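Trainee: okay, predicted coordinates and the sequence, questions at the end:
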Amino acid sequence: MADAHHPLPQARFGATARRDAWWVQPAIVVLLLSSFIVYATWAAFQGEHYAYGPYLSPFYSPELFGSSPHAVFGPQPPWWPAWLVFSPALLILPFPGLFRVTCYYYRGAYYKAFWADPPACAVGEPRRRYLGEASFPLIVQNIHRYFLYVALVFLLVLAHDVWKALWFSDPITGRTSLGIGVGTLVLATNLVLLGGYTLGCHSMRHVIGGYLDRLSGHPMRRRAYDCSSCLNRAHMRWAWCSLFSVAFADLYVRLCSMGIWTDWRIL
Ligand code: FES
């Protein structure tokens, strides 16, 4: 069969035959991701107002060292560099942060929104050379699957935080009793949304059955694979909802700790 090669002319940046408002989605992504990054960075450097009663902000969990009763290994360690403000969040936040940064969905979103590479499907891009993920530096994004294991551990830690958020101490007798506050629901909702996001990760299906030739004959794995695939179909929604919920959970604990919001007890 005859073969014809016609090199496609490269459209100039932003040129497109599309008539829809293709720029709206990348603009929203820039706005939302920038707002989250600014808030999360600010909150991580505060180093205070991250715990209130039995609640611990997810930005600070697990609190390895710190001044709250949730700290696992006690107060600020002596080896902490004097030039760096001490905040327990700085020790742990890079891990969930890198899990998100390397997420397949977010990659697609911020490549378009921040790098305009391309700004949207069928829209001219600014570079002539293809900067793919097959070479350095973007090949590093393949580390995502390893951050998934770390994110799964974080899910367990956050589940333990929700359990702790069910136990309220009486300010007079000091006795603890089971209860539910609005903060408990905020932390529990955040756990569910983060769970939906993490367990629907593209790499999760490789973890469950990627090393098997066939899933038939492994009914438990088959079910887990189907569950993860089902969550994965709405991965974009889980990604955004969990991003909002984790920021809101930090804000909720912070404002309660500062005395600006009151944590209502439901039970
Ligand atoms: Fe999005 Fe793994 S692909 S969390």
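Mentor: Yes, it's here. All figures in this text were calculated on a predicted structure; none of them were measured in a lab.

Trainee: which ones are touching the residue of the stretch 151-267 of the chain at minimum distance from the ligand?
Mentor: Nearest residue of the stretch 151-267 of the chain to the ligand, counting by Cβ to the nearest ligand atom: residue 201, 3.0 Å away. Just so you know, the C-beta spots here come from the backbone N, C-alpha and C atoms, and that holds for glycine as well. Applying Cβ atoms under 8 Å, 6 or more residues apart in numbering to residue 201 gives the contacts 103, 144, 148, 151, 228, 232, 235.

Trainee: now, the residues you listed that are in helices?
Mentor: Using DSSP state H, the members of the contacts of residue 201 that fall within helices are 144, 148, 151, 228, 232, 235.

Trainee: I'd say the last one and residue 203 touch.
Mentor: So the one you mean is residue 235. No - the pair residue 235 and residue 203 fails to qualify as a contact (Cβ atoms under 8 Å) at a distance of 11.4 Å.

Trainee: what pLDDT is listed against residue 219?
Mentor: If you check residue 219, the pLDDT there is 88.

Trainee: mind saving the C-alpha coords of the lowest-mean-pLDDT helix or strand in the chain as CSV?
Mentor: Sorting the helices and strands of the chain by mean pLDDT, DSSP states H and E puts helix 202-209 at the bottom, at a mean of 88. Once non-C-alpha atoms are left out, helix 202-209 reads as follows in CSV (Å, rounded to 0.1, in the frame of the first residue of the first chain):
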residue,chain,number,x,y,z
HIS,A,202,-4.3,4.8,38.3
SER,A,203,-1.3,3.1,40.0
MET,A,204,-3.6,1.4,42.5
ARG,A,205,-4.8,-1.1,39.9
HIS,A,206,-1.1,-2.0,39.2
VAL,A,207,-0.6,-2.5,42.9
ILE,A,208,-3.7,-4.8,43.1
GLY,A,209,-3.1,-7.0,40.1
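
Trainee: picking up where we left off before, same list (the contacts of residue 201) but as a markdown table, adding pLDDT, neighbour count and distance to the ligand.
Mentor: Below are the contacts of residue 201 laid out as a markdown table (pLDDT from 0 to 100; neighbours: other Cβ atoms under 10 Å; distance: Cβ to the nearest ligand atom, whole Å):
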| residue | pLDDT | neighbour count | distance to the ligand |
| --- | --- | --- | --- |
| 103 | 98 | 24 | 3 |
| 144 | 96 | 21 | 6 |
| 148 | 97 | 20 | 6 |
| 151 | 98 | 23 | 7 |
| 228 | 95 | 21 | 10 |
| 232 | 96 | 19 | 8 |
| 235 | 98 | 18 | 6 |
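
Trainee: between these, which sits nearest residue 74?
Mentor: Residue 74 lies nearest to residue 151 out of the contacts of residue 201, by Cβ to Cβ, at 26.1 Å.

Trainee: show me the contacts for the closest one.
Mentor: If you count contacts by Cβ under 8 Å, 6+ apart, residue 151 has them with 95-96, 99, 198, 201.

Trainee: quick one: it from residue 144, how far?
Mentor: Relative to residue 144, residue 151 is positioned 10 Å away (Cβ to Cβ, to the nearest Å).

Trainee: joint contacts of the two?
Mentor: Residues touching both residue 151 and residue 144 by Cβ under 8 Å, 6+ apart: 99, 201.

Trainee: quick one: low-confidence parts of this structure?
Mentor: Scanning the chain for pLDDT under 70 picks out 1-9, 130-131.

Trainee: what does it put close to the ligand?
Mentor: By the rule Cβ under 6 Å from any ligand atom, the part of the chain lying against the ligand is 103-105, 144, 201-203, 235.

Trainee: which members of these are the farthest-apart pair?
Mentor: Among the residues of the chain next to the ligand, the pair separated by the greatest distance (Cβ to Cβ) is 144 and 235, at 12.8 Å.

Trainee: tell me the gap between stretch 86-94 and the middle of its chain.
Mentor: On the basis of Cα atoms, centre = their mean, to the nearest Å, stretch 86-94 sits 15 Å off its chain's mean C-alpha point.

Trainee: buried stuff in it?
Mentor: Buried residues in stretch 86-94, defined by neighbour count with 16 or more other Cβ atoms under 10 Å: 86-89, 91-93.
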